[in-house]
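Visitor: Next come a sequence and a model predicted from it.
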Amino acid sequence: MRLSIGIFAARPSCDYIREALQEQPNFPHQFTFYPYASLRELLDLYQAHAGEFQGIVFSGYYPYQYICARCGIPQTPSTYFELDHRDYYRVLLSVTYRNRGLDIRRVWLDTPILDIPWSYIFGSPDARPQSIGFWPDLTADDYYEQALDAYLQAYRSRQVDFIITRMTNLSDRLTREGVPHALLFPSPSSVWETVEKLAKLIQSRRVQDSLSAVGFLQPAQGMALDALSQLHTWIYQFNKENGGKLIILQTTDRFELLTPNASLLQLTQSYTCCALSDYIRTHCGVPFYTGWGVGADILQAQQNASSALKESRNSPSLAPFLITQENRLIGPLGQPECRTCELEPGQDARVLAKKIGVSLSTAQRMLSLYGERAEFRLTRNDLSRYLNTSARTANRILTRLTEVGAARIVATEKSGSAGRPISVFQLNLQSLY
């Protein structure tokens, strides 16, 4: 499978990456390079050329995050070159060999590494490079300038004697300022591993794009018949403004929207929000529910959309939900508490549901949320949002958890009114298994 891949990288990185790729001349892909000197130039190049490729690779985490902040998550399958332990060892060995007598504790390594055994490598518990804690705004156009200022300040104030950085565009400036430094590149093997990972991602996206997607949009209960007419007007207008990607069917009480999953991924920014719902709420005062379903065929997609619509009906905010082909529930879309959970309950969910008297789906969501948080503390209102249920139901669940020893009050918070303080609970669901 021959793929066209665009590589957006700082100018010095481009030369290095090109050489690494040329070491595998028989690799079947076609690469086009877009070197940039500033993040603003990166943005211009990306906006002009991103749609020309089947896949995109950025030279590192920082430029990738900058593009995500400015343009949203790339619709084209994308990744960035990462570093592994081999890359750090290679650079550190070179630096210490070329700079005999250099104290490793006075080296600034601008990319954090969490699990390298420094004491084993350098023979002392405190022998490790510094990470000074420079965290500029990743969305700022002058990110490189901020980094350069931090480097110069650290060196001139004698905090460090040497800098190792991934920001290869700063090399010339650091040289002119007399700052000893080395550039941190991914090894050729790391470069090829990233490209191979992207190729698998593209293949997976092709399979995903071929799936069917169905959306159900229904006026809230008790709405007058003209609500359907109002909703139809704005659904049609949204569809017109977004390239006519939806087939719109109207039944007696709701709309059925058909589209390829590739289009749904674009309209929901990879299942994270719902542009259609946001658009209608902005232009139309009719309250409504939205459920999306994805499936290998239209029937499975319709079944999943129907289940997602039920979740939307139960949502206090009438938020949209989505169920994937793999039977994962995602939602509420576009809200901070949006998360993914498995709809097929495991044994832990069955035990939890039985002990506290909730449905299997509610138990599964609680376990999914519990697994995401290192310190599981929440209020009744938090749980209500996370479970997409009423505050009264959330309060009943917390009461029952307290009774069985899986929750305890650890603090109180002031409410927004003159009412009683709100209790903060710490959960320990593992105690139930």
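Guide: Yep, that arrived.

Visitor: May I see the buried residues of the lengthiest helix in the chain?
Guide: Criterion DSSP state H: the longest helix present in the chain is helix 188-209. Neighbour counts over helix 188-209 (16 or more other Cβ atoms under 10 Å) mark 188, 190-192, 194-195, 198-199, 202, 205, 208 as buried. The way it works is simple: take the backbone N, C-alpha and C, and place the C-beta from them, glycine included.

Visitor: other SSEs contacting the helix or strand following that helix?
Guide: For helix 188-209, the succeeding helix or strand toward the C-terminus, using DSSP states H and E, is strand 212-219. Applying 3 or more Cβ pairs under 8 Å, 6 or more residues apart in numbering; DSSP states H and E, one finds that strand 212-219 contacts helix 226-241, strand 255-260, helix 261-267, helix 275-283, strand 288-295, helix 298-314.

Visitor: Need the contact partners of strand 212-219.
Guide: Contact with strand 212-219 is made by 227-228, 231, 235, 246, 253-261, 263-264, 276-277, 280, 286-298, 300-302, 304-306, 308-309, as judged by Cβ atoms under 8 Å, 6 or more residues apart in numbering.

Visitor: buried set for it?
Guide: 212-219.

Visitor: repeat for stretch 335-344
Guide: Applying 16+ other Cβ under 10 Å to stretch 335-344 flags 338, 341-343 as buried.

Visitor: Stretch 270-287 now?
Guide: Those would be 271, 273-277, 279-281, 284, 286, for stretch 270-287 by 16+ other Cβ under 10 Å.

Visitor: swap in stretch 12-22?
Guide: Result for stretch 12-22 [16+ other Cβ under 10 Å]: buried residues 12-14, 16-17, 20-21.

Visitor: circling back to that earlier point, make TSV out of the buried residues of helix 188-209 and add pLDDT and distance to residue 325.
Guide: TSV is the format used below for the buried residues of helix 188-209 (pLDDT from 0 to 100; distance: Cβ to Cβ, whole Å):
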residue	pLDDT	distance to residue 325
188	87	37
190	87	32
191	90	33
192	88	31
194	90	27
195	90	27
198	90	22
199	88	22
202	86	18
205	76	14
208	76	8
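
Visitor: Closest to residue 121 out of the residues you listed?
Guide: The closest of the buried residues of helix 188-209 to residue 121 turns out to be residue 190 (Cβ to Cβ; 19.4 Å).

Visitor: My understanding was that the closest one contacts residue 80; is that so?
Guide: No. Between residue 190 and residue 80 there is no contact under Cβ atoms under 8 Å: 11.3 Å.

Visitor: which neighbours do those two share?
Guide: With the criterion set as Cβ under 8 Å, 6+ apart, the contacts of residue 190 and residue 80 do not overlap.

Visitor: Farthest pair within the buried residues of helix 188-209?
Guide: It's 188 and 208 that sit farthest apart of these, by Cβ to Cβ, at 30.4 Å.

Visitor: ok, which stretches of the stretch 51-200 of the chain are strands?
Guide: 55-58, 78-80, 107-109, 162-165, 181-183 (DSSP state E, counting those that start in this stretch).

Visitor: hmm, who's touching the first one?
Guide: Judged by Cβ under 8 Å, 6+ apart, the contacts made with strand 55-58 from elsewhere in the structure are 3-9, 50, 64, 67, 74, 76-81, 194-195, 198-199, 201-202.

Visitor: do you know how far the nearest residue to residue 266 once chain neighbours are set aside is from residue 109?
Guide: Excluding the flanking residues, the one nearest residue 266 by Cβ to Cβ, 6 or more residues apart in numbering is residue 75, at 5.6 Å. Distance, residue 75 to residue 109, by Cβ to Cβ, to the nearest Å: 34 Å.

Visitor: again, but for residue 261
Guide: In terms of Cβ to Cβ, residue 261 sits 42 Å off from residue 109.

Visitor: same deal with residue 315?
Guide: Counting by Cβ to Cβ, the gap from residue 315 to residue 109 is 46 Å.

Visitor: Between the two, which is the more surrounded one?
Guide: Neighbours were counted for residue 315 and for residue 109 using other Cβ atoms under 10 Å; residue 109 has more, 25 against 19.

Visitor: Would you quantify the distance from the more buried one to residue 125?
Guide: For residue 109 relative to residue 125 (Cβ to Cβ), the value is 17 Å.

Visitor: Same question for residue 44.
Guide: 48 Å.

Visitor: of the two, who's got more company?
Guide: Neighbours per residue (other Cβ under 10 Å) separate residue 44 from residue 125, with residue 44 holding more: 13 against 8.

Visitor: Are we agreed that that one is in a strand?
Guide: No. Per DSSP: H, G, I helix; E, B strand; the rest coil, residue 44 lies outside any strand segment and is helix.

Visitor: Show the pLDDT at it.
Guide: Per-residue pLDDT puts residue 44 at 95.

Visitor: Same question for residue 54.
Guide: Looking at residue 54, the pLDDT reads 91.

Visitor: give me the number of residues near it?
Guide: Other residues within reach of residue 54, judged by other Cβ under 10 Å, total 19.

Visitor: How about residue 395?
Guide: 16.
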